[in-house]
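Student: prediction below, plus the sequence it came from.
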Amino acid sequence: MIAANTIAQLGAPVLRLIASTITDIHSPETQALIEAMQTTLAGTSGVGLAAPQIGVSKRLLIVASRPTARYPNAPLMPPTIMINPCYTALSPHQAKDWEG
């Protein structure tokens, strides 16, 4: 099992890597990663966590909204696990902003 980890901060090399694709969602390794990420996310006030943030360069993220001190009216949303997510740009325009 992968232990729950501390969260990588801005500047950590793992955050600059191109994460690898998960090929077997049922493998013990993938299931342990999901469990470690859920445990890590539950211990924070964040709404999402990507595998590279705990030092694992894989294409997996978890999103889970809940009320916090910063956002007391946030909706309660059970964890949603996204494996190998991708997106399609809806416009050629780009914007730059800070997240976090």
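Tutor: Arrived safely, thanks for sending.

Student: which residues in this protein form helices?
Tutor: Taking DSSP state H as the test, the helices found in the chain are 28-42.

Student: low-scoring stretches of it, by residue?
Tutor: 1-5, 100 (pLDDT under 70).

Student: let's see that with 50 instead.
Tutor: The chain contains residues with pLDDT under 50 at 1.

Student: strands of that one, start to end?
Tutor: Assigned by DSSP state E, the chain shows strands spanning 48-50, 60-63, 80-83.

Student: so what strands line up beside the shortest one?
Tutor: Using DSSP bridges, the strands paired with strand 48-50 are strand 60-63 (antiparallel).

Student: so how far is the strand it pairs with from its chain's centroid?
Tutor: Offset of strand 60-63 from its chain centre (CA atoms, centre = their mean, to the nearest Å): 4 Å.

Student: let's have the strands of the chain in TSV, adding mean neighbour count and distance to L15.
Tutor: (Glycine included, C-beta is placed from N, CA and C.) As requested, the strands of the chain are exported to TSV (neighbours: other CB atoms under 10 Å; distance: least, CB to CB, whole Å):
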stretch	mean neighbour count	distance to L15
strand 48-50	20	9
strand 60-63	19	13
strand 80-83	13	18
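
Student: out of those strands, nearest to D97?
Tutor: Closest to D97 of the strands of the chain is strand 48-50 (CB to CB; 16.1 Å).
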